[in-house]
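Asker: Structure of the sequence below:
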Amino acid sequence: MTSQPIRSPVRIIGIDPGLRRTGWGVIETEGNRLVYVACGSVEPPDNLPLASRLLAIHEGLAAVLGDYKPAEAAVEQTFVNKDGVATLKLGQARGVAMLAPAMFGISVAEYAPNQVKKTVVGAGHAEKNQIQVMLKILLPKAEPPSADTADALAVAITHAHHRQSTALRLRVANL
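Answerer: So this is what the prediction gives:
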């Protein structure tokens, strides 16, 4: 009789980038089991110039990465809206959100907002309150203080569910 290999837990950080508030959420996954670790947000002052806000986001995320030491990271893709300038600025915050874990040697996956909603709620056009309800079921100990933090936890959960297929796609792309 052969025994099943022991699965070691994997710590994942999910990041919901934004210039005003960048949400982050850390979970551990072991097989299908999800465990809440921590969540919060990086909130640079509104009166700072753009470069200083981006620096504050980077420093805040670097501190979180240093404290919680995730093995993998996932970032929500930018939702393109009608305001091109706002979309470009959000893209810069997203770039910082991807750079911070990469500087720690952590692989970064990306997920579209609809994929996150579909994974967590079951519908790609779910409302924010539906995500928070499902988070209570999937991570009962989590009490995200903001929608950005809840979204970050949802991104981490999405990565936990899709990480094997994401890793396979990356290996195939590097052949």
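
Asker: Output stretch 62-81 as CSV, restricted to C-alpha atoms.
Answerer: Listed next in CSV are the C-alpha coordinates belonging to stretch 62-81 (Å, rounded to 0.1, in the frame of the first residue of the first chain):
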residue,chain,number,x,y,z
ALA,A,62,7.6,45.3,0.8
ALA,A,63,7.0,45.5,4.6
VAL,A,64,4.0,43.1,4.2
LEU,A,65,6.1,40.7,2.1
GLY,A,66,8.9,40.8,4.6
ASP,A,67,6.5,40.2,7.5
TYR,A,68,4.4,37.4,6.1
LYS,A,69,6.9,35.8,3.6
PRO,A,70,4.4,34.5,1.0
ALA,A,71,5.7,31.9,-1.5
GLU,A,72,3.4,33.1,-4.4
ALA,A,73,1.6,36.3,-5.3
ALA,A,74,-1.4,37.2,-7.4
VAL,A,75,-2.4,40.7,-8.6
GLU,A,76,-5.8,41.7,-10.0
GLN,A,77,-5.6,43.0,-13.6
THR,A,78,-6.6,46.6,-14.3
PHE,A,79,-10.2,47.2,-15.2
VAL,A,80,-10.1,49.6,-18.2
ASN,A,81,-12.6,52.4,-17.7
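
Asker: Tell me how far it lies from the chain's centre.
Answerer: The gap between the average C-alpha position of stretch 62-81 and the chain average comes to 5 Å, counting by CA atoms, centre = their mean, to the nearest Å.

Asker: cool, stretch 53-65 as well?
Answerer: For stretch 53-65, the separation from the chain centroid amounts to 14 Å (computed by CA atoms, centre = their mean).

Asker: which residues touch that stretch?
Answerer: Judged by CB atoms under 8 Å, 6 or more residues apart in numbering, the contacts made with stretch 53-65 from elsewhere in the structure are 13, 15, 17, 19, 22, 24, 26, 40, 42, 44-45, 48, 92-93, 96-97, 99-101, 103-104, 106. Using the backbone N, CA and C atoms, a C-beta is placed for each residue, glycine as well.

Asker: Just these: which are in helices?
Answerer: When DSSP state H is applied, the contacts of stretch 53-65 are split such that Q92, A93, V96, A97, L99, A100, P101, M103 fall in helices.
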